[in-house]
Each structure stands twice: as C-alpha cells, then as structure tokens.
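1. Need a 3D model of the sequence below.
(3 chains)
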Amino acid sequence: MSDPLISLRDLWVRYGGPQGPAAVEAVSFDVRPGEILALVGESGSGKSSLSLAIMALLPGQAHVSGQILFEGADLAALDHRRMEDIRGARIGMIFQEPMTCLNPVLSIARQMTEGLIRHRGLTRAEARVRALAALADVGIPEPARVMGSYPHELSGGMRQRVMIAAALTLDPALLLADEPTTALDVTVQAQVLELLVDIRNRTGKAVLLITHDIGAVAEVADRVIVMKGGRIVEEGPWEQVIRAPRDPYTAALIGAHAALEAALVPEESHG
Amino acid sequence: MADATPPIVDIRGLTKTFRAAGRQIRALDGVDLTLAPVETLGIVGESGSGKSTIGRILAGLETATGGEIRLAGQDLRGARGAAAKVQMIFQDPYASLNPRMPIGLQIHETLRGSGHRDRVANLARAAELLARVGLPPDALQRYAHEFSGGQRQRIAIARAMSTDPAVIVADEPVSALDVSIRGQILDLMRQMKGHTACLFISHDMAAVASLCDRILVLNRGRVVETGPTAQIISNPRDPYTRALLEAIPRIGRRRTGTGSTPMETLA
Amino acid sequence: MTDTALPPRRFRLPAALRHWSIATGAVILAVVVLAAILAPWVAPYDPFRMGSGPRLSPPGAAHWFGTDELGRDLFSRVLLGARASLGIGLAAVVAGLGLGVSFGLVIAFCPARLKGLLLRIVDVVYSFPDTLLALALVAFLGPGAENATLAIAISLIPFYARVTYGLAAVERAKPYVEAAQIAGTAPTRIMRVQVLPNILQSLIVIGSIGFSSAILSAAGLSFLGLGVQPPSPEWGSILASGRNYIARAPWILIFPGLAICLTVLSFNLIGDGIRDLTDPKGRRRRG
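-> Coordinates of the predicted model:
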C-alpha cells in the first residue's frame, strides 16, 4: 500500500472560537494516490466545512485544529501565501457552480493560461498549447473555439468541463471535487462522473469527491467515508460500505436512494 | 387514453417565447397535454426544457404566447376566477414561505384569496391541514425559520391543499431536499393522490417514476414522449428518454470512465 | 442543498445601542430632541426679546452662544430653532416616506410596460437634487413653514419610491409572493400584508437617511427666506440673519451651523449603524 497523498489527523472545525459549536469533529482519514475517495453526507454533515478547511477557504471566524498533511506540509498551519501556491497548483479544485469560479468578463483562454503563466512561468503561447490540450482532454469539441469564448456563452456542462480542464492544466496531485455534479442536468452529471473516472484512470491523480449523492458514490468511488453531524460514521472500500453498510445511518441513506431507484425498475408482474 | 371523464386540464399547442438579450427564445413549442381529474402527471426534462414554464403558465404566473389552455372546461385566458383552482408547491422551501408571517396566518391568507374570510374558521382548517401533513399543533403560531427544509415543504403542501384546488402544480418540490427527506415528502404527496390532480415537474426521473401515473418527457420545449409510467420506464421509445433513464446514478452499476466523451474530440 | 436557515434579521434595540455608531448618533440625537422639547423651560431668555443683552456680544457667561444683531440671546434661539427644524424634518419624512413607499410598492406590482414608464418618470425627478426640487416647489407654493414642509415631503418621494421599488421587486419575485398571487390575493393586499413587513426594516434605515436630507433642505429653504419666517427662529433662518456679520460675529453662524451638522451627523450615524446590523452580508459577531 502506497503512502497517503493527503492525511487528515484529528481535524476539528469550530465556528466562533475554540469553544464554539463544531462543524467537523475529530475527523481523520487518508487519500491515497490514484484513488477516488468519496466523502458523502447530507446537509449539516460537515462535509462542506471539511472541504473548505482543506483548501484553507473557511471564513475568518472558523477555528481549525488538527493536521492536514500534504506533501510534507501541514496545510492547517500554513500561512496564507504558501497556501496560495498549493491551492490550484498542487490541489485542483472543482466546485458545484462553475460560474462562481470563472470570471465572467475574461475569456476562457485568459483564465486557463493565467495560472500556467504565473505558477509555471510559461510563455503565453506555451500556456495556450497546454490549455488547448487540457480542453481536448476533457472531451470538449472544438477547443480552440471554446478558448475564445466567455463563460456565459457556454452551457452548464461545458463550464464544468472547462473548470475541470483548468484544474488539470497545472497538473495537481489531488483533485478536490466539491459537489461537482449537483448543479448539472442529469445527463451531464453522468458525463462528468465518467470524466472524473477517466481522468483518474489516465493520469493516476487522486480524487476527493465530496457529495450528497450516494448513487454517484456507488458508481465511481473506490473508498467511501460517510459523515453525519460532523463525524465519520462509516469508512471502507465501496463494496463493503454500499453493499453491506454497518452503520444504520449509512444503511438508511442507501435505503432512501434504493427506494427511489426501485421505481425505475420495470415491474415484471405487470401486464 | 380512452378515458370517459373529461380532463381537468387540457392544453393544446402551447407556445411561449421569451425575449432575452434581444433574442427570441422559444421556451415552449407546441405542447399538448391533458390531465385527468385526480391524475398525477410527471413532466420530466432538463434545464431549458420548458417544464417549469408549463406549470407557471397554468398557475397564472406567466402568460402563454400561443395555444389554448382549458381548466375544467373553461378557457384559462383572462379568467381570473380560475385562481384558486390551481395551487403551487415550489422548489425552494426557504423562499416559498413568508419569513415574517406565522404559518397559520399564511394559510389563512391563502384561503382568504378564494373568498374564505372567516379567520377563526381558516385557522381551524390550517390546524387540521398541518396535522395531516405531520406537523405539531403549535406550528400554527410559529415562523418559517423555526422549521427544517422538509417541514417547510410539508407546510407548503398544506397551504396548497387548503383551498381544495382542482390542480396542484409541484415544481421540483423535492430537489432541494436531502435524500432521506425526499422520500418522506414523496410519501406525503402520494397520500395526496386521489384528492386532486397534480402536475409534478422534475428533472429527477426516479422521483417522477415513484409518484406519477403518467410521464411526459420534455426536451427543448417539445414533448418527445408521453405515456403511462410503467411503459416509459420499461420501454422508452425516444432516445432522449433513454438517455435520461440511463443517466440516473444507480447502486450496483460502476462507471468505467469510457463514456466520458460523448462529444467526439476534434483533432 | 444549503444549510442556511437564517431567521429574518430582527432589529433589537438593546443590541443596537451597543453598536458604537448607533450609540453615538442616539446620544447626540437625544440631546437635540430633548433641547427641542424642553426649549421653553430651559431657555435662559425669551428668544424673541430684543435687547436681552448688548448687540452682537460674543459668547460668555451671560449669553452662552452670544447674542445676535438685535441683541437676542442666541442660545435660546438655537434651542427653540431645534423645534422648527426637527418638526419640519419629521413631518416631511413621515409624509414623504408614506407616499414614496406606497408609490414604490405600486410600481413594483405594475405590468412591465407601465412599470418602465413610471420608473423613468421617478428617475427623471430623482435626478434633481432634493433641495433644488424643494426650492422649485416652494417657489410654486409660496414661502412659509407649512409649504416648505410639503415641498420637502414631495422632494423626498422619488428617493423613497425608488428604494422601495428596488426592495419590493426583489420580494415580488420570491415564491411566497407568487404563492399569494396564485391564491388570488388582491395585489394591494399582497403589498401590504406580504411584502411590506419584509421590507419595513430596510425602509426604517432609509427613512433615517431621508431625515438628514430633510433637515438640510429645511435649513436651506429657511436660509433663503422661503421656509420658517422671521422672527421665528429656525437654524437656517438664524444662519441667514447672521451672514452679514460673519466677520464681526461669527458665532451667529457657528452655533446654528453646528446644530445642523450634529443633527445630520446623528441621523447618518444611526442609519449606518442599523444598516450595518441588518445587512445579511455583514452578519458577523462582535466582541
């Protein structure tokens, strides 16, 4: 078993000071290279706070304790400047709503090359080539045309692909995908999930998938962590968690999904 | 459908064009739809399909550009009296209740709109409805923010049912809810079946299939397929319907990463 | 899937008074209001009596603010002047707010075309500065305290209408208002029962902003001789009477000017503070 890529050690996130209410309580887990680890939970489970803690994007009144070990550094203790270097360059981010991350007044080309020019010191032309390749990589037809367009000219699915491509240009070791499919149409959701698996297969990048959708988890995750009320209630390989959940909450979550899914199974007895 | 009873809603050739940024956008392009009394019809489609627009036109929140809508045999156009016959349940449980009005009064206001002015009687009816959707008796005096998302959606359902509408338009009523709550609200809506007709609008094929008698699939403002739920689920004829069904995440299926590029990459 | 189930932001007085800018504003305002109310009893001299002291005598033990060109006690006149200034401001704001809010609500519920037209009209009128508008109206109505109040009230309408429209339009698009519409509730009732309570808090803040502008207008009109008529004291008219003696007796301008400044400042401080407290984006814990 390879060394973990990122390790969370006894992570707590509290709001309003060190004694405030905890959104994340004593959470520890590893993400290993090349795996898709799914963190699943409903609203209030603490999964969003956890994802923000990893990116050091929590609001000022949040208090983080514990360690987030990544490539020899503790992200929880890192200063603002060094975190900026890691964010984007070493940990790629994919969010629920691409529009919040894409600048509406800049062309896609500009947004995709900026990071390469700044973090990697490439020339504009070199950066352009890399960006074009990344767009083609995520299955965007006519990448050259997309490069010249603006975010509002693209569909929701295209935007999400552009954001994934942008996250990939800097060749990060870890992709943090926080509810990447929630705002998308069902058919596009399926494509984005396929894309995440495809990227992992081809590049060997690790993916931390944070989602409320247990169905998506069942389809793509290698390992699953279930969170509830800020705590981990269950953790294990996907077969075990999905097929034989030990925690009653996990079972209920899967049951609720399965009940809905059952409606899609044609009834043989009918007709 | 060779039904003897006349439909409660009969829509023919419904069109709606919006003007956005100087361009004409055709949201609905000749939609035909019938809804039998006490039938639940699911309208399924993705963003931009025009599914919400149908509901909003029926509820009188928007006006159609063309076509004909008959509600209980009467032409809907210009008929203000039709108001209380249609009620609506909205997607966002946070914005669909007035944050500064006690729940009981909100139901009173709804009843008042259709001519029931007796406040005491209305509050009594509100209490009875709130109990029926599974809320504690003190809900009457409480405010929206004191309730969870699922409870608020229960309140919205109680409010919609208060006037005994002929049709309830439910526009994505469960999409903003957690999965575990989603099932409870769908159960509640299932209990409502048989009391009124319902237009259940959703992008979620699983939710629609679990609740509706018939399904109508909408794509870019056109009806691509319509039929009884069992038929649409087991034997979808239209490729778009098949794609919708195929896309739903399922426990017991694994994605391999090979289907990620349906749009062929150009060299 | 959002975790935000924030209760509506309620404005609580005790909490508000701990906010520094509201507290400061409230203290200043309390002093001004108290002075206005108690003026007849507190004033050391009859504000109308000429020759209470020597003409144009500087501030001193006998006359705290000095005397004016007719030997009237300036302190007593500024005290009594507070009544006129605050009175006109209050009356104008109440009337202007009432009319402006009604108008704004109606515009928000108009059909699209009529709405566009009405908004254009409001915008055109709004583009004139308040005081200029009030000035034009008084020129039309004739000088005097009542007409000045009316003119100031009318001059505030476009501002209040525009702001109310903006707030109401946001609420109008929310599902709870749509639900009321579907239920068949009359538009006027939706405005009053559903929308108004949800924008009231913002309107109070806006009201306090209008107050300072109304007091400035009142002083301005009186200064020009179109508002409160002499010999009745009003801050603006005291200023006007003192302007000929600016070099010899600057106190005639300084004290009423200071009174106007402080009053306007107090309203602005309170307004800013309330906005600070009630702005959902500024929901941060202090202390």
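2. number of nearby residues for A:Arg246?
-> Residues lying near A:Arg246 (other CB atoms under 10 Å in any protein chain shown) number 11. The way it works is simple: take the backbone N, C-alpha and C, and place the C-beta from them, glycine included.
3. Can you classify it by secondary structure?
-> Local secondary structure at A:Arg246 is given as coil here, using DSSP: H, G, I helix; E, B strand; the rest coil.
4. List the buried residues in stretch C:86-103.
-> Burial within stretch C:86-103, assessed by neighbour count using 16 or more other CB atoms under 10 Å in any protein chain shown, is assigned to C:86-89, C:91-93, C:95-97, C:99-103.
5. which ones among the residues you listed are found in strands?
-> Secondary structure defined by DSSP state E assigns none of those to strands.
6. Not counting sequence-adjacent ones, nearest residue to B:Arg132?
-> Spatial nearest neighbour of B:Arg132, chain neighbours left out: B:Ala158 (7.0 Å); criterion: CB to CB, 6 or more residues apart in numbering or on different chains.
7. just A:Leu78 next, same as before
-> In this structure, A:Leu78 finds its nearest non-sequential neighbour in A:Ala56, 6.9 Å apart by CB to CB, 6+ apart.
8. pLDDT at the one you found, what is it?
-> As predicted, A:Ala56 sits at a pLDDT of 88.
9. One more: the one 5 residues further on?
-> A:Gln61 is assigned 83 on the pLDDT scale.
10. So it sits against A:Gly16, correct?
-> Yes: between A:Gln61 and A:Gly16 there is a contact at 5.4 Å, judged by CB atoms under 8 Å.
11. What are the buried residues along the least confident helix or strand in chain A by mean pLDDT?
-> Lowest on mean pLDDT, DSSP states H and E among the helices and strands of chain A sits helix A:80-86, with a mean of 86. For helix A:80-86, the neighbour count (16+ other CB under 10 Å) marks A:Ile86 as buried.
12. same thing with stretch C:161-169?
-> By neighbour count on 16+ other CB under 10 Å, the buried set for stretch C:161-169 is C:Ala161, C:Arg162, C:Val163, C:Thr164, C:Tyr165, C:Leu167, C:Ala168, C:Ala169.
13. and the fifth one, what is it in contact with?
-> Taking CB atoms under 8 Å, 6 or more residues apart in numbering or on different chains as the definition of contact, the neighbours of C:Tyr165 are C:Gly104, C:Leu105, C:Ile107, C:Ala108, C:Leu119, C:Val122.
14. and the residue nearest the centre of chain B, which of the three is it?
-> In chain B, the centroid-proximal residue (CA atoms, centre = their mean) is B:Ala170; its distance is 2.2 Å. In terms of secondary structure, B:Ala170 is strand; the call rests on three-state DSSP.
15. show me what contacts it?
-> Remark: with contacts taken as CB under 8 Å, 6+ apart, B:Ala170 is in contact with B:Met88, B:Ile89, B:Met189, B:Cys198, B:Leu199, B:Phe200, B:Ile201.
16. now the last one, which residues is it bridged with?
-> Put plainly, it is B:Ile201. Beta-bridge pairing of B:Ile201 under DSSP bridges involves B:Ile43, B:Asp171.
17. For it, grab the count of nearby residues.
-> B:Ile201 sits with 29 neighbouring residues when counted by other CB under 10 Å.
18. That one: what's it in contact with?
-> The contact partners of B:Ile201, taken as CB under 8 Å, 6+ apart, are B:Gly42, B:Ile43, B:Lys51, B:Ser52, B:Ile54, B:Gly55, B:Val169, B:Ala170, B:Asp171, B:Glu172.
19. Which of the three states applies to A:Ile232?
-> strand.
20. who's it bridged to?
-> If you apply DSSP bridges, the partners that A:Ile232 bridges to are A:Met227.
21. Now do it, the pLDDT please.
-> At A:Ile232 the predicted local distance difference test score is 96.
22. Surely it and A:Phe29 touch.
-> Yes: the pair formed by A:Ile232 and A:Phe29 meets the contact definition of CB under 8 Å, at 7.0 Å.
23. Common neighbours of these two, please.
-> Contact with both A:Ile232 and A:Phe29 is made by residues A:Ile225, according to CB under 8 Å, 6+ apart.
24. and A:Asp10, how many residues sit next to it?
-> Other residues within reach of A:Asp10, judged by other CB under 10 Å, total 11.
25. any residues touching stretch A:157-170, and which ones?
-> Under the criterion CB under 8 Å, 6+ apart, residues A:88-89, A:92-95, A:98-99, A:101-102, A:108, A:111-112, A:115-116, A:119-120, A:130-131, A:134-135, A:137-140, A:146, A:151, A:154, A:175, A:180-181, A:184-185, A:188, A:191-192, A:195-196, A:199, A:203 lie in contact with stretch A:157-170.
26. and it, how far out from the chain's middle?
-> Between the centre of stretch A:157-170 and the centre of its chain there are 12 Å (CA atoms, centre = their mean, to the nearest Å).
27. can I get the CA coordinates of it in CSV?
-> What follows is the C-alpha trace of stretch A:157-170 in CSV, where atoms were taken according to Å, rounded to 0.1, in the frame of the first residue of the first chain:
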residue,chain,number,x,y,z
GLY,A,157,-22.0,21.1,-18.6
MET,A,158,-19.4,22.8,-20.8
ARG,A,159,-18.5,25.2,-18.0
GLN,A,160,-18.0,22.3,-15.6
ARG,A,161,-15.7,20.6,-18.2
VAL,A,162,-13.8,23.9,-18.6
MET,A,163,-13.3,24.1,-14.9
ILE,A,164,-12.1,20.5,-14.7
ALA,A,165,-9.7,21.3,-17.6
ALA,A,166,-8.5,24.4,-15.9
ALA,A,167,-7.9,22.4,-12.7
LEU,A,168,-5.9,19.9,-14.7
THR,A,169,-3.6,22.3,-16.5
LEU,A,170,-1.3,22.8,-13.5
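28. show me the contacts for residue 208.
-> Reading this off chain A. If you count contacts by CB under 8 Å, 6+ apart, then A:Leu208 has A:Ile6, A:Val31, A:Leu37, A:Leu39, A:Ser51, A:Ile54, A:Leu174, A:Leu175, A:Leu176, A:Ala177 around it.
29. that's the wrong chain, I wanted chain B
-> Contact partners of B:Val208, counting by CB under 8 Å, 6+ apart, are B:Gly42, B:Val44, B:Phe200, B:Ser202, B:Ile215, B:Thr229.
30. From chain C, how far off is it?
-> Using CB to the nearest CB, to the nearest Å, B:Val208 is found at 20 Å from chain C.
31. show me what contacts the closest residue to that residue other than its chain neighbours?
-> The shortest distance from B:Val208 to any residue that is not its chain neighbour, by CB to CB, 6+ apart, is 3.5 Å, and that residue is B:Gly42. When the contact criterion is CB under 8 Å, 6+ apart, the partners of B:Gly42 are B:Phe200, B:Ile201, B:Ser202, B:Val208, B:Ala209, B:Leu211, B:Cys212, B:Arg214, B:Ile215, B:Leu216, B:Thr229.
32. ok, so of the buried residues of stretch C:86-103, who is nearest B:Leu105?
-> Closest approach between the buried residues of stretch C:86-103 and B:Leu105, by CB to CB: C:Val101, at 21.9 Å.
33. The closest one contacts C:Tyr160, doesn't it?
-> Yes: with contact defined as CB under 8 Å, C:Val101 counts as touching C:Tyr160 (5.9 Å).
34. any common contacting residues for the two?
-> C:Leu203.
35. Please tell me which one of the contacts of B:Val208 counts the most neighbours.
-> For the contacts of B:Val208, neighbours were counted using other CB under 10 Å, and B:Val44 has the most, 29 neighbours in all.
36. Touching, that residue and B:Leu218? I think so.
-> Yes: B:Val44 is within contact range of B:Leu218, at 6.8 Å (criterion: CB under 8 Å).
37. Find residues that contact each of these two.
-> Both B:Val44 and B:Leu218 are contacted by B:Lys51, under the criterion CB under 8 Å, 6+ apart.
38. follow-up on the earlier one: so how many other residues sit close to the residue nearest to B:Arg132?
-> Around B:Ala158 sit 26 other residues, with neighbours defined as other CB under 10 Å.
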